[in-house]
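Chemist: sequence first, predicted model second:
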Amino acid sequence: MHTHSQFRWLVRRGAGVACGTRHQIWAIALGGRSLVSKWFSSSSRTAMVASEKDFENAVHQVKLLKEDPGNDAKLKLYALYKQATEGPCNVPKPRVFDFLGRAKWDAWTALGSLPKETARQNYVDFVSSLRPSLTSSSGEGPAAHRSLPESEDVVVTSKDSITVITLNRPAKKNAITYQMYQDITLALKAASKDNSTITVFTGNGNYYSSGNDLSNFSNRSGSLQQMYAESALTLRNFVDSFIDFPKPLVALVNGPAVGIAVTVLGLFDAVYASDRATFHTPFSSLGITPEGCSSYTFPKIMGPAKAAEMLIFGKKITAREACAQGLVTEVFPHNTFQKEAWARLTAYAKNPPKAMRIGKQLLRSFGKETLHAVNAEECRVLQERWLSEECVNAIQTFFSKKGKL
Ligand SMILES: CCCCC/C=C/C(=O)SCCNC(=O)CCNC(=O)[C@H](O)C(C)(C)COP(=O)(O)OP(=O)(O)OC[C@H]1O[C@@H](n2cnc3c(N)ncnc32)[C@H](O)[C@@H]1OP(=O)(O)O
């Protein structure tokens, strides 16, 4: 049996505007029914119908809000979410002193019999009207020595027309937290629009990354199903941002790489590795399954047998083996790795940026639809695996210090 304390999820930021209970973390000043009616009379005219995916994405975007959008907006989001997912208000009116409950109930009730599809579309439209404040931490424009101001764990800098995204949790071997998935997604979105020519990924310290932070699956209240659904969506958006990245994307693998830090390498345009790097995807021993589109890219890159050895049997390979199998572009001696790799990148970054971008498009765009489908399926399967006894036991074993790789 799983207990909630085993799985309490570490969410550092306010999270779901969409969920009724989470709204209670906001001190909502009373909006009143007339104000609520005004919102909906203006937005219910929309004729388009948002897809489930658009809606899920909008819900996810709201969780990434960097700024409080204000009480009116939060009530509007709440009401539209409830209408889109449950239909017309179906709960009793809260008591008079339950101000917050009343405000929410009023907002939802004011939507009357608005169809679910229309509410979904209005939610998506409204979220996109909030967008400027959603991405404020990773701002666009010239990439002159900027970093994500709120994130110490994912640092974005700029050098010689190259945007560098550095995983910066060396004490934890650059394990990727739930927040870091979101920060990286935002950093890639920003890098795709800034004036850099190439984007580079690397790690600070002796590890490139130990993959998913295994404490992402601990200490969270709420239902497991909801937590895993949110995680699957976050993962899907994270991987989508690699699939869709429009400029040359290069990994500088400075040390061992584990799990998702390895799998997404199949979506990079070049992978330069130190000879101290190793590549390990211990999914089966963790009771989970491949992600990062590796179930598709790895067999294509290295052939099905070598891919199975890594992804199913969890064989750890050296940088030289990874190079021989086509996952790594070139290996450098550790002592000269930074110097040699950066000399190469600085020279490449002087190429005409449009030509590089269009060249990448030609190489990659035809497989994109398949990659998105693979990503969706891998996330769906993982969502089920996270609930499995095999996975729960593996994570417990890691934290009881018996189960190191
Ligand atoms: C939500 C989306 C999910 C996406 C699905 C992704 C799947 C994956 O990525 S699967 C791969 C997950 N990663 C692992 O299983 C690696 C687990 N870590 C280890 O086995 C070892 O830590 C090591 C081999 C990577 C390094 O061993 P060692 O050199 O002996 O260093 P320590 O174990 O002492 O590590 C120092 C410190 O860092 C913590 N830590 C390292 N990796 C992780 C991690 N992945 N998650 C959480 N914490 C990690 C480790 O616990 C130590 O912490 P302290 O004891 O507090 O110092």
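Modeler: Cool, got the structure.

Chemist: chain neighbours aside, what residue packs nearest to the residue in the chain positioned nearest to the ligand?
Modeler: In the chain, the residue that lies nearest the ligand is residue 259 (2.1 Å; CB to the nearest ligand atom). Using the backbone N, CA and C atoms, a C-beta is placed for each residue, glycine as well. Nearest residue to residue 259, sequence neighbours excluded (CB to CB, 6 or more residues apart in numbering): residue 211, at 2.6 Å.

Chemist: surely the one you found is in contact with residue 258?
Modeler: Yes. Counting by CB atoms under 8 Å, residue 258 is a contact partner of residue 211 at 4.0 Å.

Chemist: mind checking which of those two has more residues around it?
Modeler: Legend: neighbour count by other CB atoms under 10 Å for residue 211 and residue 258, higher for residue 211 (26 against 23).

Chemist: ok, that one - contacts?
Modeler: Each residue near residue 211 by CB atoms under 8 Å, 6 or more residues apart in numbering is listed here: 175, 176, 257, 258, 259, 260, 261, 262.

Chemist: out of those, which is most surrounded?
Modeler: residue 262 (32 neighbours).

Chemist: so which residues on the stretch 201-350 of the chain come close to the ligand?
Modeler: 210-216, 231, 234-235, 258-260, 282, 286, 291 (CB under 6 Å from any ligand atom).

Chemist: show me which pair in those is furthest apart.
Modeler: 234 and 282 (21.3 Å; CB to CB).

Chemist: who's in contact with residue 291?
Modeler: So residue 291 contacts 235, 239, 260, 263, 375, 378, 379, 382 (CB under 8 Å, 6+ apart).

Chemist: do that again at 7 Å, thanks
Modeler: Contacts for residue 291 (CB atoms under 7 Å, 6 or more residues apart in numbering) come out as 235, 239, 260, 263, 378, 379, 382.

Chemist: as JSON lines, those with pLDDT and secondary structure would be great.
Modeler: Putting these into JSON lines (pLDDT from 0 to 100; DSSP: H, G, I helix; E, B strand; the rest coil) gives the following:
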{"residue": "235", "pLDDT": "97", "secondary structure": "helix"}
{"residue": "239", "pLDDT": "98", "secondary structure": "helix"}
{"residue": "260", "pLDDT": "98", "secondary structure": "helix"}
{"residue": "263", "pLDDT": "98", "secondary structure": "helix"}
{"residue": "378", "pLDDT": "98", "secondary structure": "helix"}
{"residue": "379", "pLDDT": "97", "secondary structure": "helix"}
{"residue": "382", "pLDDT": "96", "secondary structure": "helix"}
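
Chemist: distance to residue 351 for the residues you listed - can I get that in TSV?
Modeler: Below are these laid out as TSV (distance: CB to CB, whole Å):
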residue	distance to residue 351
235	33
239	27
260	30
263	28
378	33
379	35
382	37
